[in-house]
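>>> Below is the sequence, then the predicted model.
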Amino acid sequence: MNRVRVLLLNAALGPLDYRVPDGMAAPPGSIVKVPLGPRQVTGVVWDEGRLEGEPVAAHKLRPILGVYDSPPLPETLRRLIEWTSEYYLAPLASVLRMSLASTSGYSGEKTITEYRASGGMPERMTAKREQALELIGDSQGLIRELSEIGEVSDAVIRGLVKAGALEPVNVSLDAPFPLPDSDFGPPDLEEGQKQASDQLSKAVRDREFAPIMLNGVTGSGKTEVYFEAIAEALRMGRQTLVLLPEIALTEPFLTRFTARFGCEPVSWHSGLRQSERRRAWRAISKGEAMVTVGARSSLFLPYPKLGLIIVDEAHESAFKQEEGVKYHARDVAVMRGNIEKFPIILASATPAIETRQMVEIGRYEEITLPRRFGGAELPDLAAIDLLQDPPPRGSWLAPTLVRAVQETLDRKEQSLLFLNRRGYAPLTLCRTCGHRFQCPNCTAWMVEHRLLARLACHHCGHVMPPPAECPECGAEDSLVACGPGVERIADEVTALFPNAKIAIVTSDTLWSPAKAAEFVHRMEANDIDIVVGTQLVTKGYHFPNLTLVGVVDADLGLQGGDLRAAERTFQQIMQVSGRAGRGDKPGRVFIQTHEPDHPVIEALVSGDAESFYEAETEARRFAGAPPFGRYAGIVISSEDEKQAFETARTIGQTAPKVEGMMVLGPAPAPLAMLRGRHRQRLLVHARRALDVQSVIRDWLGERDWPKGVRVSVDVDPYSF
Ligand code: ADP
Ligand code: ZN
């Protein structure tokens with residue numbers, strides 16, 4: 001009899017044994033439907049013997065009910081899933097779910113029905129109908145499948161179709177994607193670029209594991225260069241994955257890709273409709289989608305013939321997933337290349353210290369592009385000492401910066417003011433009694449969003465209308481906004497330059513690829529004079545007429561004592577500076593700070609990145625911090641503060657004594673309360689070579705936590 005172990009998508013259960021009925025082919029990797037109690041559930045046939053657990057007696061085995069008509073998950077992908085699960089101490093099934101990506105792309109149906117507004121209004125309007133039509137408006141004419149609409153029931157939709165307000169649209173899930181053409185629009189590469197691209201193309205041809213740090217200054221043509229590696233992969237019939245840190249960056253990427261390859265790549269991100277996801281998943285798993293561009297979640301998709309991964313802006317902390325499986329997409333990408341034998345290109349103007357260290361010890365190769373394309377100069381950076389050159393009371397822009405913006409306006413060029421804070425003000429308080437508006441669910445202030453007329457928590461999404469009076473003392477007109485967010489800076493700029501065209505760019509305003517495209521078009525048409533934006537505008541964009549960058553508050557990122565605070569601030573300011581002067585006009589950058597002699601600011605102004613990196617690397621080495629040592633966080637949370645603390649203390653007391661490892665805490669986690677749960681953290685600090693995962697696995701074991709307590713492990717954490 002043929003028995004197999006099936007890993008179910010349901011995380012609560014381990015792999016289970018099933019019988020393969022006679023005449024059924026269910027090779028490893030097959031996506032199957034199996035019985036579980038009274039239900040039928042989806043799972044994947046795993047390799048035999050790999051998974052733990054007692055085999056069930058043969059006569060008790062239940063049969064596999066069916067095999068989906070979809071390619072089996074490749075062996076290499078199953079190994080990657082196992083590695084990720086072991087390294088990040090996450091359940092196998094949770095990682096597997098990322099591969100199947102909550103689509104049912106494997107289910108075999110050919111078309112699905114979506115609904116479009118037909119423009120007509122139903123004679124009888126009900127609240128439900130109104131809500132449904134509103135939802136349709138929100139998704140550019142096409143609403144999702146019925147199951148996706150949430151509160152709106154099938155009956156309401158059918159009623160609207162009958163009334164002529166909606167029309168059904170059949171969407172084919174098998175419609176092919178166009179094939180990128182490697183010879184569509186080849187670039188004229190400069191000498192240095194040519195060398196770099198030859199090296200990358202060779203690595204693609206070699207089909208060996210090769211992590212490569214593509215270290216090129218902003219505007220040096222990293223994208224042009226790695227496009228040639230993609231072209232090579234296409235010629236060889238191998239798939240490519242390009243990982244971007246934010247979906248807002250997809251739009252400019254698609255445009256450039258189309259210019260080079262004649263059509264768009266397949267995109268993969270959280271904003272896709274279900275039908276788009278399924279179609280993409282299917283084309284990817286069949287090896288028909290040759291180039292995919294996506295956010296980190298696209299890393300676990302079942303590409304059958306992947307030959308290249310590019311991680312663009314590879315230093316970005318957005319590649320670290322903080323919820324669910326807490327993995328780092330950059331590191332998992334390297335592991336995927338290792339298992340499947342292909343090169344991984346980590347492109348950045350400011351590589352992470354971890355990556356630089358891998359080059360240093362000879363594990364990664366380095367390819368550099370030290371100059372901007374077309375002879376463009378890197379911008380001049382200068383610090384503005386806010387003590388010497390203070391902004392007028394109640395404002396945030398120093399006179400020097402204001403003058404620079406005026407000069408830029410006079411030359412009909414564009415300026416960018418960067419402040420990494422959404423909303424109008426980060427804190428609202430009552431002048432009379434000192435009451436501060438805090439989120440009821442999180443250790444965080446409620447942030448005022450004047451454009452949306454509300455206060456919002458940036459961690460849990462809790463919102464409240466702007467209060468008319470203080471809830472504590474009842475005083476009216478006593479509430480004041482403290483500190484600036486981008487909206488407030490935009491107000492200041494509007495008051496200073498009433499005739500300038502100003503755009504605010506944050507995740508609140510650029511929440512979809514379409515919005516991002518609109519922003520790009522307006523910039524290119526010079527329909528914007530001054531951009532006020534968060535880190536969303538610091539990367540990827542190329543606006544030749546943007547010549548001035550002002551960093552409103554360079555000190556912001558340096559506060560808080562985070563392990564990566566200095567590095568991140570340095571990278572962020574380098575990135576945003578990189579937006580200035582990319583065309584034939586030179587760029588200028590002003591950095592507002594209270595600490596002009598801070599090593600980060602000095603390095604930026606002197607342009608001496610190397611000594612900054614060296615000093616920072618030495619400091620890490622001295623502290624045994626990554627990449628020289630490692631951390632793992634164990635977060636214990638509960639709605640009951642005492643319970644969280646007690647459990648954390650108990651776990652802490654049972655910490656094993658291991659040479660080269662220290663357990664710090666418990667102490668309140670970086671967000672001591674999040675979404676109504678109190679969080680305590682134990683921080684494991686260990687030698688680099690120590691197998692922390694094994695230690696933690698043995699330590700936490702298969703214990704049952706008190707009811708209401710959750711324990712989650714974060715290996716190589718990014719939040720401190
Ligand atoms: P980076 O990603 O390194 O900041 P980009 O790849 O965005 O640099 O290149 C900067 C700009 O220069 C882009 O507009 C790009 O199209 C242009 N560019 C770079 N190399 C070339 C080339 N060889 N031929 C034409 N344009 C180029
Ligand atoms: Zn909150």
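Received it, and whenever you're ready, just let me know what you need. Numbering: from 1, shown residues only. Ligands and ions are numbered 1, 2, ... in the order given.
>>> Name the residues of the helix or strand harbouring Ala490 that come out as buried.
Following DSSP states H and E, one finds Ala490 within helix 486-496. Going by neighbour count (16 or more other C-beta atoms under 10 Å), the buried part of helix 486-496 is 486-493. Every residue, glycine included, has its C-beta placed from N, CA and C.
>>> helices or strands up against it?
In terms of contacts (3 or more C-beta pairs under 8 Å, 6 or more residues apart in numbering; DSSP states H and E), helix 486-496 is packed against helix 399-410, strand 502-505, strand 530-533.
>>> Need the winner for burial among the ones you listed.
Neighbour counts (mean count of other C-beta atoms under 10 Å) averaged over each of the helices and strands packed on helix 486-496 peak at strand 530-533, with a mean of 26.
>>> Within its sheet, name the partner strands of that one and how each one runs.
strand 414-418 (parallel), strand 502-505 (parallel) (DSSP bridges).
>>> in the stretch 151-300 of the chain, what residue is nearest ligand 2?
Ser270 (20.6 Å; C-beta to the ion).
>>> State the distance from Met446 to Ala456.
7 Å (C-beta to C-beta, to the nearest Å).
>>> anything in contact with each of those two?
His462 (C-beta atoms under 8 Å, 6 or more residues apart in numbering).
>>> Which of the two has more residues huddled nearby?
Met446 (26 against 19; other C-beta atoms under 10 Å).
>>> Out of the strands paired with strand 530-533, which gets nearest to ligand 1?
strand 414-418 (15.1 Å; C-beta to the nearest ligand atom).
>>> Next SSE downstream of that closest one?
strand 427-430.
>>> partner residues bridging Val291?
Beta-bridge partners, per DSSP bridges, of Val291: Thr240.
>>> Show the contacting residues for it.
By C-beta under 8 Å, 6+ apart, the contact set of Val291 is 180, 230, 234, 239-242, 257, 261, 265-266.
>>> Tell me the spacing between it and ligand 1.
16 Å (C-beta to the nearest ligand atom, to the nearest Å).
>>> do Gly374 as well
7 Å.
>>> Surely that residue is within a helix?
Yes - secondary structure of Gly374 (DSSP: H, G, I helix; E, B strand; the rest coil): part of a helix.
>>> for it, what are its contacts?
190, 584 are the contacts of Gly374 under C-beta under 8 Å, 6+ apart.
>>> swap in Cys430?
Counted by C-beta under 8 Å, 6+ apart, Cys430 has contacts 436, 470, 472-473, 475, 478-480.
>>> Turn the strands paired with strand 530-533 into CSV, columns for distance to Leu429 and mean pLDDT.
What follows is the strands paired with strand 530-533, written out as CSV (distance: least, C-beta to C-beta, whole Å; pLDDT from 0 to 100):
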stretch, distance to Leu429, mean pLDDT
strand 414-418, 25, 97
strand 502-505, 24, 95
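>>> Now tabulate those strands in JSON lines and tack on distance to Arg278.
Shown next, in JSON lines, are the strands paired with strand 530-533 (distance: least, C-beta to C-beta, whole Å):
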{"stretch": "strand 414-418", "distance to Arg278": "39"}
{"stretch": "strand 502-505", "distance to Arg278": "32"}
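>>> Ok, which of those strands comes nearest Leu8?
strand 502-505 (43.3 Å; C-beta to C-beta).
>>> next SSE after that closest one?
Counting by DSSP H and E, what follows strand 502-505 is helix 513-524.
>>> who does that following helix touch, helix- and strand-wise?
Using 3+ C-beta pairs under 8 Å, 6+ apart, helix 513-524 is in contact with helix 250-261, strand 502-505.
>>> most tightly surrounded among the ones you listed?
Of the helices and strands packed on helix 513-524, strand 502-505 is the most buried (mean count of other C-beta under 10 Å), at a mean of 21.
>>> which one of the contacts of Cys430 sits closest to Ala615?
Arg436 (37.4 Å).
>>> Kindly state the beta-bridge partners for that closest one.
Going by DSSP bridges, Arg436 forms beta bridges with Leu429.
>>> wait, it sits on Leu455?
No - with contact defined as C-beta atoms under 8 Å, Arg436 does not reach Leu455; the gap is 11.3 Å.
>>> Past the helix or strand of the chain with the lowest mean pLDDT, which element shows up next along the chain?
Ranking every helix and strand in the chain by mean pLDDT, DSSP states H and E puts strand 142-143 at the bottom, with a mean of 54. Once strand 142-143 ends, the next helix or strand along the chain (criterion: DSSP H and E) is helix 154-162.
>>> List the buried residues in that next one.
Here helix 154-162 shows 156-157, 159-160 as buried, counting by 16+ other C-beta under 10 Å.
>>> Output the set of residues of the stretch 401-550 of the chain in proximity to ligand 2.
439, 441-442, 457, 459-460, 462 (C-beta under 5 Å from the ion).
>>> most residues in a single strand of the protein, which one?
Counting by DSSP state E, the longest strand found in the chain is strand 661-674.
>>> I'd like the average pLDDT over that one.
In this model, strand 661-674 has a mean pLDDT of 92.
>>> Now do the next helix-or-strand element following it, average pLDDT.
Helices and strands here follow DSSP H and E; after strand 661-674, the next one along the chain is strand 677-687. Strand 677-687 carries an average pLDDT of 95.
>>> Who are the packing partners of strand 677-687?
Strand 677-687 packs on strand 629-638, helix 641-653, strand 661-674, helix 692-700, going by 3+ C-beta pairs under 8 Å, 6+ apart.
>>> Which stretch among these is buried most, on average?
strand 629-638 (a mean of 23).
>>> neighbouring strands for that one, and are they parallel or not?
Assessed with DSSP bridges, strand 629-638 is paired to strand 677-687 (antiparallel), strand 710-715 (antiparallel).
>>> what's the closest of the ones you listed to Lys412?
strand 710-715 (48.9 Å).
>>> Nearest spatial neighbour of Gln246, chain-adjacent residues omitted?
Heads up, residue 246 is Glu, not Gln. Ala318 (6.1 Å; C-beta to C-beta, 6 or more residues apart in numbering).
>>> what secondary structure does Ile212 sit in?
Under three-state DSSP, Ile212 comes out as strand.
>>> what pLDDT does the residue nearest to the spatial centre of the chain get?
For the chain, the residue nearest the mean C-alpha position is Ala318 (4.0 Å; C-alpha atoms, centre = their mean). Ala318 is assigned a predicted lDDT (pLDDT) of 92.
>>> you'd agree Lys33 is in a strand?
Yes - per three-state DSSP, Lys33 lies within a strand segment.
>>> Now for it: which residues touch it?
40-43, 64-68.
>>> Backbone dihedrals for Leu80, both of them.
Main-chain torsions, Leu80, degrees, to the nearest 10: phi -60, psi -40.
>>> okay, it: pLDDT?
Reading off the model, Leu80 has pLDDT 97.
>>> My guess is it contacts Arg336. True?
Yes - under the criterion of C-beta under 8 Å, Leu80 is in contact with Arg336, at a separation of 5.4 Å.
>>> Among these two, which residue is more densely surrounded?
Neighbours per residue (other C-beta under 10 Å) separate Leu80 from Arg336, with Arg336 holding more: 25 against 22.
>>> That one in helix, strand or coil?
helix.
>>> residues of stretch 519-535 that come out buried?
519-520, 523, 528-535.
>>> on that earlier part again, let me have the helices and strands packed on helix 486-496 in TSV, extended by distance to Met24.
What follows is the helices and strands packed on helix 486-496, written out as TSV (distance: least, C-beta to C-beta, whole Å):
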stretch	distance to Met24
helix 399-410	70
strand 502-505	55
strand 530-533	56
